[in-house]
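>>> Here is my input, please return the structure:
(chains A and B)
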Amino acid sequence: MGVKAVHRITTGRNGLGAFILQCKKMDFHYCDWAGSSKGMNGFIKSILPKFAAAHPQIEFTVSPRPSKHPVITGHYINGRDKAICVRNLEPLQILKKVELLRDASGEKLKKVTKPVQSINESVRGIWSPYHGNGMRV
Amino acid sequence: MSRALLRSALELRTPITRLPPPFLLPIPIRSRANALAVAPAAAAATARFFNQTTQIVDPPIASSILADAGRTPTQPPTAPAPAAAPVAGISKISAALSTQIPQPPPPARTSTEPLSESVRTLLPLLAAQPGHYATAHIHGRPYLVTAGDLVRLPFKMPGVAPGDVLRLTRATAVGSRDFTLTGAPWVDERVFECRAVVLGTESEPMRVLIKKKRRQRRAKRVESKHRFTVLRISELRICGEVVAA
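Numbers count the residues shown, from 1 in each chain, chains lettered A, B, ... in the order given. This next block holds a predicted model:
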């Protein structure tokens, strides 16, 4: 008998009251020797300190991973994570990828056809043929 | 040794150091940062620093979505950076603004014409009802929203960061259960307040289209993956008190 999850009564709607960035942590892995990490090493030296200072709500970790391609991993509040391999990319291209990880919600990508999602009740109610003045045929 | 020096010099070429001195820039950076810091989304104010494109703020006439909530009406309009691409649907302003001509501060957005008599009588009744909806237009497309809704725009809005607050002032209809105020074509901006928080950017699964002609062995694989800005409608309020003013 495992631990039972607490039944959730309400649904979180981020931004309705407070806004919380969904990305909570970013890992940067680099290699000192390999050529594919060249741009990543430059990014860590020059751009990452400013980016990290601009985002105090994200935890940043930088760790070497010798003889592997450089990888950035974003960890999200919903428990998922997203990893992007940035081998042979320039520092500014890596910045684009980091912004992608920052802006992502952490959910799986899915096709959405309706632009507006709502859990509110219909404001004007549901039309009924039995109410109102009726319809002349 | 010299190669290492060259490499480190190249790595230090960040976009910040490559910018011209601030008096040559089209945007007053310092005043812009201050104005954004006033906004509730103060955390996102510094994040704007890394965006290559600036927020596209429309002139009052040809606008479909409106500026940041933190922008005061007295602040001069910010011209888009040279890298900012014109957005589809607001082509009217993109031609005018891309020439980087400094413009005078815009007039107050709210018109001073008095509201019509029927609006004056019925607006308090509309405001008193519990639930409200609005058909807000963003870049020419209508979205029927209530407070708390999630809107996934069919495009990636340039120059916005997560946490930014947008005020939507173009609506064709505002209503409640029993009343609807329809604009011709737009509802007066004084009548309602609709704000949206930028949640971030979402994407879709990769679309793959195989293009193949008959009796030809060649097959072309076309991939596309679009990005979309996601908004949360944080506030939708009918301003019933403008009738008294």
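>>> hmm, the longest strand anywhere in chain A touching chain B?
Among the segments of chain A that qualify as a strand by DSSP state E, the longest is strand A:23-30. No. Contact between strand A:23-30 and chain B is absent, the nearest approach being 8.5 Å (criterion: CB under 8 Å from any CB of the partner chain). All C-beta atoms are positioned from the backbone trio N, CA, C, and that covers glycine.
>>> ok, the next helix or strand along the chain from that strand near chain B or not?
Next in sequence after strand A:23-30, counting helices and strands by DSSP states H and E, comes helix A:38-46. Yes. Counting by CB under 8 Å from any CB, chain B is contacted by helix A:38-46 at A:Asn41, A:Gly42, A:Lys45, A:Ser46.
>>> What's the per-residue pLDDT of A:His12 here?
Quick fix: residue A:12 reads Gly, not His. Predicted confidence (pLDDT) for A:Gly12: 88.
>>> So what's the residue count around it?
Counted with other CB atoms under 10 Å in any protein chain shown, the neighbours of A:Gly12 add up to 10.
>>> now it: how far from B:Leu150?
Relative to B:Leu150, A:Gly12 is positioned 11 Å away (CB to CB, to the nearest Å).
>>> where does chain B have low pLDDT?
When residues are selected by pLDDT under 70, those of chain B lie in B:1-111, B:245.
>>> Chain A too?
Within chain A, the segments meeting pLDDT under 70 span A:1.
>>> top helix in it by residue count?
Taking DSSP state H as the criterion, chain A has its longest helix at helix A:91-103.
>>> coming back round to it: packing partners for the longest strand of chain A?
Packed against strand A:23-30 by the contact rule (3 or more CB pairs under 8 Å, 6 or more residues apart in numbering or on different chains; DSSP states H and E) you find helix A:38-46, strand A:59-64, strand A:71-76, helix A:91-103.
>>> which stretches of chain B form strands?
Counting by DSSP E, one finds strands in chain B at the ranges B:133-138, B:141-145, B:150-152, B:165-168, B:171-175, B:180-182, B:192-203, B:207-212, B:219-224, B:227-238.
>>> so how far is B:Pro124 from B:Arg152?
34 Å.
>>> The two: which is more packed in?
In this view B:Arg152 and B:Pro124 are compared by other CB under 10 Å, and B:Arg152 has more residues nearby, 18 against 13.
>>> re earlier: which one of the strands of chain B lies nearest to A:Arg102?
Distance to A:Arg102, taken as CB to CB, is lowest for strand B:192-203 among the strands of chain B, at 7.8 Å.
>>> Apart from its chain neighbours, what residue comes closest to B:Val197?
If the residues on either side of it in the chain are set aside, B:Val197 comes closest to A:Gly15, at 3.7 Å by CB to CB, 6 or more residues apart in numbering or on different chains.
>>> Now do B:Ala147 against A:Val112, distance only.
For B:Ala147 relative to A:Val112 (CB to CB), the value is 21 Å.
>>> the more surrounded of these two?
For the pair B:Ala147 and A:Val112, the greater number of neighbours falls to B:Ala147 (20 against 14), based on other CB under 10 Å.
>>> how about the more buried one, phi and psi?
According to degrees, to the nearest 10, the main-chain angles of B:Ala147 amount to phi -70, psi 130.
>>> Give me the nearest residue to it, chain neighbours excluded.
By the measure of CB to CB, 6+ apart, the closest residue to B:Ala147 outside its immediate chain neighbours is B:Leu236, 4.4 Å from it.
>>> Show me what that neighbour is bridged to.
Beta bridges link B:Leu236 to B:Cys194, judged by DSSP bridges.
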